[in-house]
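1. Let me see the structure of the following:
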Amino acid sequence: MDVNLGPSKSISRRHAQIFYNFGTGRFELSIIGKNGAFVDDTFIERGNTVPLHNKTKIQIGQIPFQFVLPEKDEQKQQKSIAEDKK
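-> Numbers count the residues shown, from 1 in each chain. You can find the predicted model right below:
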């Protein structure tokens with residue numbers, strides 16, 4: 001999926017890539033752009049790959065966003081049971 005981060009000259013067309021690494025069993029972010037990115041307020045340079053967790057903060061250029069994983073079915077069931085008890 002491509003995400004348009006606007007016309008900023010500090011952000012390249014392929015600045016970063018989010019992918020699932022089957023070897024490690026997790027989502028990861030690879031930094032491709034020369035200006036790097038911030039992940040959870042830590043600057044990550046070009047050429048590095050970092051693990052992503054639910055609600056990881058990512059900032060590319062001046063654009064902040066958050067990586068969010070869908071809830072697991074078990075978590076949904078527990079929330080539903082808890083709400084039913086109220």
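2. All the strands of this protein, in order from the start?
-> 16-21, 26-31, 37-39, 42-44, 49-52, 56-60, 63-67 (DSSP state E).
3. So for the third one, what gets flagged as buried?
-> Which is strand 37-39. Of all the residues in strand 37-39, those buried under the rule 16 or more other Cβ atoms under 10 Å are A37, V39. To be clear about C-beta, it is placed using only N, CA and C from the backbone, and glycine gets the same treatment.
4. Quick check: mean pLDDT of that strand?
-> Mean pLDDT, strand 37-39: 95.
5. any idea which helix or strand of the protein has the worst average confidence?
-> In the chain, the helix or strand scored least confidently by mean pLDDT, DSSP states H and E is helix 73-85, which has a mean of 60.
6. Isn't K55 up against D40?
-> No - assessed by Cβ atoms under 8 Å, K55 is found out of contact with D40, at 9.4 Å.
7. Enumerate every residue touching the closest residue to G61 other than its chain neighbours.
-> For G61, ignoring the flanking residues on the chain, the nearest one in space by Cβ to Cβ, 6 or more residues apart in numbering is I11 at 4.3 Å. By Cβ atoms under 8 Å, 6 or more residues apart in numbering, I11 lies in contact with L5, G33, N35, I60, G61, I63.
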